[in-house]
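Novice: When you get a sec, could you give me coordinates for this:
(chains A and B)
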Amino acid sequence: MAAMLDIRQIREDPDRIKDAAVKKKIPCDVDRLCEVDDRRRQIQQELDSLRARSNEAGPQMALYTNPKSQWYQRALADGKTPDDIKQLAEETRRTLAQVKSRIKTLEDESRRVAEEFGRLMLTVPQPPGPNAPVGEDEAENVVLRTEGDIRTFDFEPKDHVELGRMLRIIDIERGVKLAGTRNYILRGDGARLHYAVLRLAQDMMIERAYTPMVVPVLVREEVMCGTGYFPIGRDQAYLCERDAMSLVGTAEVPLTAYRSDEVLAEDELPLKTVALSTCFRREAGAAGKDTYGLYRIHLFDKVEQVIVCRNDEEESIRFHQEILAHAEAVMQAIELPYRVVNVCTGDLGQGQVQKFDIETWMPSRNSYGETHSASRFHEFQARRLNLRYRDTNRKVRFCHTLNNTVIASPRVLIPILELNQNADGSVTVPQVLRKYMGGRERIEPPRA
RNA sequence: GGAGGAGUGGCCGAGUGGUUUAAGGCGACGGUCUUGAAAACCGUUGUGCGGGAAACCGCACCGGGGGUUCGAAUCCCUCCUCCUCCGCCA
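Specialist: Alright, predicted model coming up:
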């Protein structure tokens, strides 16, 4: 049973969570969580019984104060005077006031305890799946396969920054002038190439019967939290604090949260959606890393695919392969050499059960660089989002969620430009993209 | 941005402080009757938490959160959402 965000299951096997926290290098105080939960239950039980008392005695007040009630009439017939009854009412009122005051004290504590409980629960990591390799960091990711041939040049190849400058299609200096470091401007055929890859990716997904969506990129706190980007990772998001909203780092967030707080019919599943969105990332903590060119930037566009499916391990594994295959199909269509890696536990996010990255060959880095990331989550996101469905036995269950990049640009322009460059400084447009560029075959340097 | 109105179960909708259980209807499901169906009649009807081996029991939930009160769907504050009118706008 995979649902490890259920407090009952955490209590049953706290060591599994502790183990997950170690493997994922995510701080999570499981012992404290269990302690707080003990107190939470204790309070709940006492509150329940106090409220039961109050519910029992309270309505009696209605009878004491209503001379027309049957009870009141019978009491008179039994020889009680209205003053006797008033006295009874007064005693009951005093007793209930005491009960109420105890309830209030407990409620105050309950609020504090619930707050800490909720805070701790949000730090609980999803245990990695058995097929995720155990490892410290990305160096221990396992290469599953390598596709496509790496081009060797018979001239001195330029990197994308230089190509972009010469072709006047990438203007990093002015991007930085406008918006600071890690910003850029795409111009002319650079912008067109960017549009082209995004349109190709969207078309390929629509062909595969994914529902195209246009979604908010500025979202509420609960949406960020529900998809697992908050509170851990909060520093990676741009906040619009005045409005208590955050800019998303991926369309995964609104697509996955789309049906949150709903109970879906099983025959609606799987939900397969795709969206193009702008992605905003602060890249906090990455200072000095990948500072060159279009690799690590604050803003980019991405086509993202999301699946919401039944609570079924095999099904989510199958869909994981499916969304991976879609991304590979796009890379093959553009004829880019890439490899697929099985991401190790130390490199998994808090909610991820397993993750495959696609890394594409980038000559200027003289290595493969991550261009896609396919994750499956079991119930992790669905629980946080309260995203459920009614199964054939009419039982309400949490969905499983998965997502993968289809394409992200301009990062993918790095290999496209660098691998398709010619000795004269022009760039050959990959065949499949030409129809999105008005049939253009080459991007040529402007004549002096 | 300004002014006003509204949010009740799967859906419609009654309910302005108390003889406890949110009336009634629709829908859905089960049953009786029927060759079968319809109609009619009878019954059932949500979620979460806790306790229990279970039957079951307790608690909470009338958009969310807080407050007043012995007692709140009902009164007050606040947030969210929707509607109407005005203004502005691609």
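Novice: neighbours of the residue of the stretch 101-250 of chain A found nearest RNA strand B, just the number please.
Specialist: Proximity of the stretch 101-250 of chain A to RNA strand B (Cβ to the nearest atom of the strand) peaks at A:R111, 5.8 Å away. Backbone N, C-alpha and C define where each C-beta goes, glycine included. Neighbourhood size, A:R111 [other Cβ atoms under 10 Å]: 11.
Novice: is it true that A:E335 touches A:G148?
Specialist: Yes: counting by Cβ atoms under 8 Å, A:G148 is a contact partner of A:E335 at 7.0 Å.
Novice: For chain A, give me the ranges with low pLDDT.
Specialist: Counting by pLDDT under 70, chain A contains low-confidence ranges at A:1-5, A:448.
Novice: In space, what's closest to the residue most central in space within it - neighbours in sequence excluded?
Specialist: Nearest residue to the geometric centre of chain A (Cα atoms, centre = their mean): A:T227, 3.2 Å. Take A:T227 and drop its neighbours on the chain: the residue closest to it by Cβ to Cβ, 6 or more residues apart in numbering is A:V253, 4.8 Å away.
Novice: mind pulling up the phi and psi values for that neighbour?
Specialist: When read as degrees, to the nearest 10, the backbone of A:V253 gives phi -60, psi -60.
Novice: Wait, it touches A:Y229, no?
Specialist: Yes: look at A:V253 against A:Y229 with Cβ under 8 Å: they come within range, at 6.5 Å.
Novice: Between those two, which is the more surrounded one?
Specialist: Higher neighbour count among A:V253 and A:Y229: A:V253, with 29 against 24, using other Cβ under 10 Å.
Novice: residue contacts, the more buried one?
Specialist: A:V219, A:V223, A:M224, A:T227, A:Y229 (Cβ atoms under 8 Å, 6 or more residues apart in numbering).
Novice: Let me know the secondary structure of the last one.
Specialist: Remark: A:Y229 carries the secondary structure label coil [criterion: DSSP: H, G, I helix; E, B strand; the rest coil].
Novice: Can you name the residue of the stretch 251-400 of chain A nearest to RNA strand B?
Specialist: Closest to RNA strand B within the stretch 251-400 of chain A is A:V396: 5.0 Å, counting by Cβ to the nearest atom of the strand.
Novice: Give me the phi and psi angles of that residue.
Specialist: Per-residue torsions, A:V396: phi -90, psi 120 (degrees, to the nearest 10).
Novice: Surely it and A:N386 touch.
Specialist: No: the pair A:V396 / A:N386 is not scored as a contact, 10.5 Å apart, by Cβ under 8 Å.
Novice: picking that back up, now, which of the contacts of A:V253 sits nearest A:P27?
Specialist: Nearest to A:P27 among the contacts of A:V253: A:Y229, at 17.0 Å, using Cβ to Cβ.
Novice: give the contact list for that closest one.
Specialist: A:Q236, A:A237, A:V248, A:G249, A:V253.
Novice: A:H298 too?
Specialist: A:A179, A:G180, A:R182, A:N183, A:F280, A:R281, A:R282, A:E283.
Novice: same thing with A:E444?
Specialist: Going by Cβ under 8 Å, 6+ apart, the list of residues near A:E444 reads A:L167, A:S426.
Novice: ok, it to RNA strand B distance?
Specialist: In this structure, A:E444 and RNA strand B are 34 Å apart, going by Cβ to the nearest atom of the strand, to the nearest Å.
Novice: Please report phi then psi for that residue.
Specialist: The phi/psi pair for A:E444 (degrees, to the nearest 10) reads phi -110, psi 150.
Novice: same deal with A:R390?
Specialist: Torsion angles at A:R390 (phi, psi; degrees, to the nearest 10) stand at phi -100, psi 120.
Novice: so it makes contact with A:E266?
Specialist: Yes: in this structure A:R390 lies within contact range of A:E266 using Cβ under 8 Å: 6.3 Å.
Novice: what's the burial count for A:P216?
Specialist: Neighbour count for A:P216, taken as other Cβ under 10 Å: 15.
Novice: Same question for A:E109.
Specialist: Residues within reach of A:E109, counting by other Cβ under 10 Å, total 15.
Novice: same deal with the one 3 residues further on?
Specialist: Here the neighbour count serves as a burial measure; for A:R112 (other Cβ under 10 Å) it reads 13.
Novice: And it, which helix or strand is it part of?
Specialist: helix A:82-121 (DSSP states H and E).
Novice: Which residue, other than its chain neighbours, is closest to A:A265?
Specialist: What sits nearest to A:A265 in space, not counting adjacent residues and going by Cβ to Cβ, 6+ apart, is A:R390, at 6.3 Å.
Novice: A:K302 falls within a strand, correct?
Specialist: Yes: assigned with three-state DSSP, A:K302 falls within a strand.
Novice: List the contacts of it.
Specialist: Neighbours of A:K302 in contact, by Cβ under 8 Å, 6+ apart: A:T250, A:A251, A:L276, A:S277, A:C279, A:T405, A:V406, A:I407, A:A408, A:S409.
Novice: How about the fourth one, nearest residue that isn't a chain neighbour?
Specialist: Put plainly, it is A:S277. A:A251 (3.7 Å).
Novice: I'd like to know the phi and psi angles of the one you found, please.
Specialist: The phi/psi pair for A:A251 (degrees, to the nearest 10) is phi -70, psi -10.
Novice: For it, which residues are in contact?
Specialist: Contact analysis of A:A251 by Cβ under 8 Å, 6+ apart lists A:M213, A:V215, A:V217, A:A275, A:L276, A:S277, A:C279, A:K302, A:V303, A:E304, A:V306.
Novice: Could you export these as TSV, including distance to RNA strand B and secondary structure?
Specialist: Putting the contacts of A:A251 into TSV (distance: Cβ to the nearest atom of the strand, whole Å; DSSP: H, G, I helix; E, B strand; the rest coil) gives the following:
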residue	distance to RNA strand B	secondary structure
A:M213	17	strand
A:V215	15	coil
A:V217	15	coil
A:A275	19	strand
A:L276	18	strand
A:S277	17	strand
A:C279	21	strand
A:K302	23	strand
A:V303	23	strand
A:E304	23	strand
A:V306	23	strand
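Novice: wouldn't A:I443 be in contact with A:V427 here?
Specialist: Yes: counting by Cβ under 8 Å, A:I443 touches A:V427, with 4.5 Å between them.
Novice: Quick check: neighbours shared by the two?
Specialist: Taking Cβ under 8 Å, 6+ apart as the contact criterion, the residues that touch both A:I443 and A:V427 are A:L167.
Novice: Would you mind listing what in the stretch 51-200 of chain A touches RNA strand B?
Specialist: With Cβ under 7 Å from any atom of the strand as the criterion, the stretch 51-200 of chain A meets RNA strand B at residues A:51-52, A:54-56, A:58-59, A:61-63, A:65-66, A:68-71, A:93, A:96-97, A:100, A:107, A:111.
Novice: Whichever of the residues you listed end up buried, select them in ChimeraX.
Specialist: Buried members of these, defined by 16 or more other Cβ atoms under 10 Å, are picked up in ChimeraX with:
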select /A:54,63,96
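Novice: Which positions in the stretch 301-448 of chain A make contact with RNA strand B?
Specialist: A:V396.
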